[in-house]
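*Asks:* I need the structure of the sequence given here:
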Amino acid sequence: MWAASPLVIGTSQEILPDVPAAALGLLSAWGFYRWVVEPQWESAILAGLALGLAELSKFTLILLVPVYVGVWLIAWCRRGRGGKRLLSEAAQFTALGLIALVVLGIGYNFQGMFRPLGDYRFYSDKLRGEPGTVQEDNRFRGTLLGAVPMPFPADYVQGIDRQAYDLGHPWHGYLRGEEKEGGWYHYYLYGLVVKEPLAFLGLILWALVFGSWRRMPPEFCCLVIGFPVLVMLCVSLQTNLNHHLRYILPALPFLFLWSGQLVSPEMRRPPVRWLAWALLVMGMVSSAIVYPYSYAYFNWLAGGPENGYRHLIGSNFCWGQDGLLVADLLRDDPEIRVSPGYVSNQYLVKLLEEEGIEVQSFVPMTPEQMRAQKLSDLLEAFPPGDYVISATSLIDPEGRYGLFEKLQPIRIVGYTVHVYRLTERELLDWFQRYGKHREASVQHRHLSHDAE
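*Replies:* Okay, the predicted model is just below:
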């Protein structure tokens, strides 16, 4: 499931920490579970090293720490050992955390470690104080907490503050045709439902509802289910920033691992195992059909990748990944006449110019602007020819791409870029909708006369 997940495959193409963080998070959890099952100094050291690497990869994995504490407490209560054993395990757990901090410090070259909390300059509202006071840029300055040395690298602390700053202000969000400042609590859950193969989602849901909760140790259940639930909960609560579905990637390997019990040889009901294998194969086929355009994958419930832009945009659908494919199409396909042509996306314009392809930036008009123009000016602004339009442009709330919504593209590049061919007759039909009936009718007669 991990290797065939379109979300994992697509995000793996980017130079971002999300996929490595997801893998390191699972590695750390495996190392910690080995220690919990059989506490030994050797396994504690290895678990500490793995946790340190995980914390270096992404701030989200700091959520592993409270999960680890809970898992260890559950294990201790179940074992019910004496005080001497408790002290030994507590010492190992403490050493595990200290080793993780050392690894974290090595990653930052130990810069600014143990700097007092009051010496930082913060930017997020949560860590800043009242304006005009000594605590304006640090609410802890001059307090007892401000004198506490932070056992983290300075850039690590500043990075958390920067994340808090970004999450403290509403960003423009989009979900299923709705745009607004801020976001939705169900954004990431909805994104997961439309971006992963339905067969994989079925396996996860099946395992969560009918999985072997009784046969699995409580420590394992708490770790493998508790962490992804905590990730989904914490990310979903940050409604100011609903942009990147990759934020929930660290939760996926844990959910996939839990689903693996359905195809395990230990599953004693063969029909269940066969059906699970069938769902697994169906999910892999669904992902393979769209490959190598996995970045734009949407399942059939969402209408497939052809309709992905109607649900999510930005890094969840199109982040410029098909730019070079557009350049190849315009350069090599003799049927496409876009030289010079019109391109809706500024990134594409720049990329195509760098590839030596002469294009122009297409400037659309709102319906109100079109009604105020003369027909001759509209024909000059929208000359007949081929237009390269980003699929996400079609959801423009001001209706500036209304013509293209009614037309069938002559080419679709990687599901994210549409190429349309506009004839003068189609343009005149479009202009008639904006009060150009008389002028357009005269032009239509001229076209018919010329055709004869």
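*Asks:* max-length helix in the chain?
*Replies:* helix 83-107 (DSSP state H).
*Asks:* and the gap between residue 77 and residue 429?
*Replies:* When Cβ to Cβ, to the nearest Å is the yardstick, residue 77 and residue 429 sit 74 Å from each other. Heads up, the C-betas are built off the backbone N, CA and C, glycines and all.
*Asks:* please give me every residue in contact with the nearest residue to residue 141 once chain neighbours are set aside.
*Replies:* By the measure of Cβ to Cβ, 6 or more residues apart in numbering, the closest residue to residue 141 outside its immediate chain neighbours is residue 118, 4.3 Å from it. Taking Cβ atoms under 8 Å, 6 or more residues apart in numbering as the criterion, residue 118 is in contact with 138, 140, 141, 142, 143, 145, 146, 147.
*Asks:* residue 77 and residue 429: who's more crowded?
*Replies:* residue 429 (14 against 9; other Cβ atoms under 10 Å).
*Asks:* show me where the stretch 301-450 of the chain has strands.
*Replies:* In chain order, the stretch 301-450 of the chain shows strands spanning 342-343, 360-361, 385-390, 411-413, 417-422, with DSSP state E, counting those that start in this stretch as the criterion.
*Asks:* residue 245: which of those is closest?
*Replies:* Among those, the nearest to residue 245 by Cβ to Cβ is strand 385-390 (19.0 Å).
*Asks:* who are the packing partners of that closest one?
*Replies:* On a contact count with 3 or more Cβ pairs under 8 Å, 6 or more residues apart in numbering; DSSP states H and E, strand 385-390 meets strand 342-343, strand 417-422.
*Asks:* apply 10 Å and report the result again.
*Replies:* helix 323-332, strand 342-343, helix 346-354, helix 402-405, strand 411-413, strand 417-422 (3 or more Cβ pairs under 10 Å, 6 or more residues apart in numbering; DSSP states H and E).
*Asks:* contacting residues around the first one?
*Replies:* Counting by Cβ atoms under 10 Å, 6 or more residues apart in numbering, helix 323-332 makes contact with 293, 320, 322, 335-339, 341, 343, 345, 347-348, 350-359, 386, 388, 390, 411, 413-414, 416-417, 419, all of which sit outside it.
*Asks:* please tell me how far the closest residue to residue 348 other than its chain neighbours sits from residue 64.
*Replies:* Spatial nearest neighbour of residue 348, chain neighbours left out: residue 323 (5.8 Å); criterion: Cβ to Cβ, 6+ apart. Distance, residue 323 to residue 64, using Cβ to Cβ: 37 Å.
*Asks:* between those two, which has more neighbouring residues?
*Replies:* Neighbours of residue 323 and residue 64, each counted by other Cβ under 10 Å, are more numerous for residue 64; the result is 25 against 22.
*Asks:* now do the contacts for the more buried one.
*Replies:* 24-25, 28-29, 32, 50-51, 54-55, 71, 100, 223, 227, 230-231, 250.
*Asks:* change it to 8 Å
*Replies:* 25, 28, 29, 32, 51, 54, 55, 227.
*Asks:* so which strand or helix has it?
*Replies:* Assessed by DSSP states H and E, residue 64 sits inside helix 64-79.
*Asks:* quick one: that helix to helix 83-107, angle?
*Replies:* 160 degrees (axes from the mean of the first three to the mean of the last three Cα atoms, to 10 degrees).
*Asks:* before we move on, back to that, quick one: the contacts of residue 118 as a markdown table, columns for distance to residue 395, pLDDT and secondary structure too.
*Replies:* As requested, those are arranged in a markdown table below (distance: Cβ to Cβ, whole Å; pLDDT from 0 to 100; DSSP: H, G, I helix; E, B strand; the rest coil):
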| residue | distance to residue 395 | pLDDT | secondary structure |
| --- | --- | --- | --- |
| 138 | 42 | 91 | coil |
| 140 | 44 | 92 | coil |
| 141 | 46 | 90 | coil |
| 142 | 50 | 87 | coil |
| 143 | 49 | 90 | coil |
| 145 | 47 | 91 | helix |
| 146 | 48 | 91 | helix |
| 147 | 52 | 92 | helix |
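*Asks:* give me the buried subset of these.
*Replies:* 138, 140, 141, 146 (16 or more other Cβ atoms under 10 Å).
*Asks:* low-confidence bits of the stretch 151-300 of the chain, can you list those?
*Replies:* Applying pLDDT under 70 to the stretch 151-300 of the chain picks out residues 267-268.
*Asks:* so the residue lying closest to residue 157 once chain neighbours are set aside versus residue 374, what's the distance?
*Replies:* Spatial nearest neighbour of residue 157, chain neighbours left out: residue 150 (5.8 Å); criterion: Cβ to Cβ, 6+ apart. As judged by Cβ to Cβ, residue 150 and residue 374 stand 66 Å apart.
*Asks:* give the contact list for the closest residue in space to residue 291 that isn't next to it in sequence.
*Replies:* Of all residues beyond its chain neighbours, the one nearest residue 291 is residue 9 (7.0 Å), with distances taken as Cβ to Cβ, 6+ apart. The neighbours of residue 9, taking Cβ under 8 Å, 6+ apart as the test, are 287, 291, 294, 295.
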